[in-house]
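J.: with the sequence up front, the predicted model follows.
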Amino acid sequence: MIHLETPKKLRPLVNQARQVAEQVFRPISRKYDRAEHAYPVELDMLAAIMDGMNDAVAETGQGNSAGAGQLKQQRSKDAGNHNGSNMTTVLGLQELCWGDVGLALTLPRQGLGNAAIAAVANDEQLRRFGHCWAAMAITEPGAGSDSAAIRTTATRDGEDYIINGEKIYVTSGERADAVVVWASVDRSLGRAAIKSFVVEKGTPGMEVVRLEKKLGIKASDTAAITFTDCRVPAANLLGSPEVNTEQGFAGVMQTFDNTRPVVAAMAVGLAKAALDRTRELLANVGIRADYKRSLKNSHAIENQLYRYEADWEAARLLTLKAAWMADNGLPNSKEASMAKAKAGRSANAITLGCVELLGSMGYSEDELLEKWARDSKILDIFEGTQQIQQLIIARRLLGKTSAELK
Amino acid sequence: MAKDIQGVGLGLAIRFAGSAWAQKYGLAKPAERLAYHSTRNGFKWAGQWLAKRQPKTPLLAAPQQRQLFDLSLSDEQQMIQDSMRAVASDVLRPMALEADQQLSVSAEFFQQCHELGISHLAVPESFGGSACDDGQSVTTSAVLAEALAWGDLSLAYTALAPAAVASAIRRWGSAEQQSTWLPAFVQEAPYQAAIAVQEPHPLFEAHNLSCKAHKTRRGFRLTGVKALVPLGGKAELYLVAARLGGKPRVFIVPADTPGLSFKASPAMGLRCATTGTLTLNKVDVPESHLLGRGEAFDYQAFIDLGQLHWCALATGTAQAALDYLIPYCNEREAFGEPISHRQSVAFALADIAIELESMRLLTWRAAARADAGMSFHREAYLAHTLCAEKAMQIGTQAVQLLGGHGFTKEHPAERWYRDLRALACQTSGLHL
């Protein structure tokens, strides 16, 4: 039965996430926007509280809690409708990012590497890495969206692999306990030979060489990391060590089907923050977007707010749809990209638009609106740019390979 | 959102953690351990307490179903979607071009629609119809409209206009009004009826009608002009919106009432619906013809259900455009390869798919809220805002991607282009 409301059982979680956003993130939002590269010490306390919640929930079987570490395409196809870990995560993260995207990104133990580990790790690896904070290292100076072109290598040497190469734009690369590194085990075999390895912090040969200075999400550290004869045990390779030219790369890319709706959810939460604040400020000057007059008869600013809100609502529902499909064992690659594309571009347009609507007030650092407009840009870039999402969607729609539709 | 106990605690804990002395004196770590244990125990206790409180068996089966986010169609909706999609492709699409040029449809078309039971689905079983009674009629009607409009928007509008009247009488009419008017929709011969709200002046507002109703000794006297009214004056019954004592209301007006006249006035699109101007010149109707007389009548919801109906039609036509463009762009070659191998073409198709799904989801959410008895004005407003904008974007892209071919009547794209413009121009005329 079609019902597109927030599920009742997840409302306490949504509320809890909103409390964190309001009481923890908002008060320190500007502080860490200004103090780029300073570690938000307040988050350790929050992490402890969240671990307490999660473990209590796990012990008593009360259901799921939010976190990238729990994302998984549900394989069971038992009858009935499910709202599981994917739905939980997107709903929770929406609220957290209403507070602050940069801080949400730097929440301990919620890194994208955790999503990769959750998606493909075996039991032994889950035991070792399941509770660590893992960042994800894919991008290189010469390879961004074209992740098949990465040059970092992993050479087998006895019971180990030796990793050599340079990674950039590693979110939480300095703070995390481990980094999931994408590297080729045989560059002559192309994309199928790309595997991911867990490299723990402190492994000799791995070095954080630089922290980026950025347009937004300054609370989150973005590291450049070099690997020089960095030796890791073969048991740290995630997934199968075999190079399967048929579908090897597809397995690696599968992680993204689960994480794209998560980034979409971040965009939805951020855009909502801008919309809420803009409404508040406009209400002070007597402009109330209360859906009473038709678009044609509304104040120009009210009209614009309706259009933003409609796009925001579309982004939100597309995100929930992608998560719902994953929870119900339905392949959602296209829908995940649709959610990411719509949410990324809408959040960017809405946050920039809200600054414009409010003029100097929106532009000034006295409000967080200008910060949100800077933060939003990354959401249309990482985890696959707008254009990469359009490529994925178009290939699926048209039945084209990546060689045909380039 | 108000700060709850949890929020107050969080605020205090975080302020403590961020304070300079907590860091300086190494108190942060012990405090985190304390926070972990107290939170863990607090949550465990709360969880167990909640688990005990939850009744073993649900008290009501139906509301339980609505507790989760769900995008699956019911079996009945699936069946309606499949059969209406078949009608759309086998009946509507092949006749659409001719109907558009003829500015009318044949009597057989109405007979066919009638036999398909389109009006029956809007009439409850107690009056001889087959309307489902499981409280999801709005969503089901939206699914039906979308599937039908895949064939042709204008034909779907024509086919659904009478059912919309039945649906409005069913939802808002008093018991007396229902038993007076509904049986006509399920007789052997098709019954034609239309809703008239839109008026021919700029900045028209559904709440600020020029058409006036005055209380008379026997009932009401209506005077005004209505635009874009479908069915070419062949309707036997109209629902007319008019201002009564400062408030908009809806009146049931039989077409043979003296003072009522229809003049065909073709528009850019919706051409086979034979739209025209309905003039009411001192039209007298008895008191019993005020829709929802003595009942709770919600004019805003009446309008919203009409706008949502249009949203569903637009979604179906936008889907038709995408389904038409995919094979065309794969087959059409330029510079030695299919044009779909070019990102400018492929990305345009990706955007159509994204916005089309957005239109559908916003429409369904509003419809499902209406079915669940929740407020749905905001959701309907946003759905219509989005659909009016994106439907036209998709319509214009459909012509663009076909190039010069799209501009000719060889392809349906130019018709979709004209029809999809209607969303931003027409108010009501339909009712889910």
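T.: Thanks, I have the structure now.
J.: tell me where chain B has strands.
T.: Taking DSSP state E as the criterion, chain B carries its strands at B:193-196, B:212-215, B:219-229, B:237-244, B:247-254, B:260-264, B:276-286, B:333-334, B:337-338.
J.: so where's chain A uncertain?
T.: Applying pLDDT under 70 to chain A flags residues A:53-54, A:56-78, A:245-252, A:254.
J.: who's in contact with A:Glu174?
T.: A:208, A:211, A:221, A:223 (CB atoms under 8 Å, 6 or more residues apart in numbering or on different chains). (Each C-beta comes from the backbone N, C-alpha and C, glycine too.)
J.: try 6 Å
T.: Counting by CB atoms under 6 Å, 6 or more residues apart in numbering or on different chains, A:Glu174 touches A:208, A:221, A:223.
J.: quickly note the distance from the closest residue to the second one other than its chain neighbours to chain B.
T.: Translated: A:Asp221. For A:Asp221, ignoring the flanking residues on the chain, the nearest one in space by CB to CB, 6 or more residues apart in numbering or on different chains is A:Glu174 at 4.9 Å. Using CB to the nearest CB, to the nearest Å, one gets 19 Å for the distance from A:Glu174 to chain B.
J.: that's a helix at A:Glu174, yeah?
T.: No. If the criterion is DSSP: H, G, I helix; E, B strand; the rest coil, then A:Glu174 is coil and not within a helix.
J.: torsion angles phi and psi at it?
T.: Here is the backbone geometry of A:Glu174 (degrees, to the nearest 10): phi -90, psi -30.
J.: ok so, going back, top of the contacts of A:Glu174 by neighbour count?
T.: A:Asp221 (25 neighbours; other CB atoms under 10 Å in any protein chain shown).
J.: the residue of the stretch 51-200 of chain A found nearest chain B: which element?
T.: Residue of the stretch 51-200 of chain A nearest chain B, by CB to the nearest CB: A:Gly52 (3.2 Å). Using DSSP states H and E, A:Gly52 maps to helix A:42-60.
J.: ok, then the element right after that helix?
T.: The helix or strand immediately downstream of helix A:42-60 is helix A:85-99, counting by DSSP H and E.
J.: hmm, who's touching that next one?
T.: Applying CB under 6 Å, 6+ apart, the external contacts of helix A:85-99 come out as A:10, A:13-14, A:17-18, A:21, A:25-26, A:64, A:66, A:70, A:104, A:261, A:265-266, A:268-270, A:272-273, A:319, A:323, A:326-327.
J.: show me the domain layout of the chain.
T.: Since no chain was named, I'll use chain A. A:8-116, A:132-238, A:248-398 (automatic domain parsing).
J.: oops, I was thinking of chain B
T.: If you go by automatic domain parsing, chain B breaks into B:75-191, B:195-289, B:299-424.
J.: the first one vs chain A: in contact?
T.: Put plainly, it is domain B:75-191. Yes. Counting by CB under 6 Å from any CB of the partner chain, chain A is contacted by domain B:75-191 at B:Thr139.
J.: how distant is that domain from the center of its chain?
T.: Centroid separation for domain B:75-191 versus its chain: 14 Å, with CA atoms, centre = their mean, to the nearest Å.
J.: the last one now?
T.: Between the centre of domain B:299-424 and the centre of its chain there are 14 Å (CA atoms, centre = their mean).
J.: run a quick neighbour tally on residue 294.
T.: All of this is about chain A. Applying other CB under 10 Å, we find 22 residues neighbouring A:Ser294.
J.: switch to chain B, that's the one I care about
T.: When neighbours are counted by other CB under 10 Å, B:Gly294 registers 11.
J.: over to B:Val8?
T.: 12.
J.: if we ignore the residues flanking it in sequence, what's nearest it?
T.: Spatial nearest neighbour of B:Val8, excluding adjacent residues (CB to CB, 6+ apart): A:Gln23 at 7.6 Å.
J.: show me what contacts the most centrally placed residue in chain B?
T.: With distances taken as CA atoms, centre = their mean, the residue of chain B nearest its centroid is B:Leu308 (2.0 Å). Contacts for B:Leu308 (CB under 6 Å, 6+ apart) come out as B:366, B:380, B:432.
J.: check those residues for the minimum pLDDT and say which it is.
T.: Lowest in pLDDT among the contacts of B:Leu308 is B:Leu432, which has 92.
J.: circling back: would TSV of the domains of chain A with distance to B:Gln426 be doable?
T.: Compiled in TSV, the domains of chain A are given as follows (distance: least, CB to CB, whole Å):
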stretch	distance to B:Gln426
domain A:8-116	35
domain A:132-238	43
domain A:248-398	12
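J.: burial of A:Ser402, as a residue count?
T.: Neighbours of A:Ser402 (other CB under 10 Å): 12.
J.: how about it, secondary structure?
T.: coil.
J.: so who does it touch?
T.: With CB under 6 Å, 6+ apart, A:Ser402 has no contacts at all.
J.: quick one: the strands of chain B as a markdown table, columns for mean pLDDT and mean neighbour count too.
T.: As requested, the strands of chain B are exported to a markdown table (pLDDT from 0 to 100; neighbours: other CB atoms under 10 Å in any protein chain shown):
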| stretch | mean pLDDT | mean neighbour count |
| --- | --- | --- |
| strand B:193-196 | 98 | 28 |
| strand B:212-215 | 97 | 17 |
| strand B:219-229 | 98 | 21 |
| strand B:237-244 | 98 | 24 |
| strand B:247-254 | 97 | 21 |
| strand B:260-264 | 98 | 16 |
| strand B:276-286 | 98 | 19 |
| strand B:333-334 | 96 | 11 |
| strand B:337-338 | 96 | 14 |
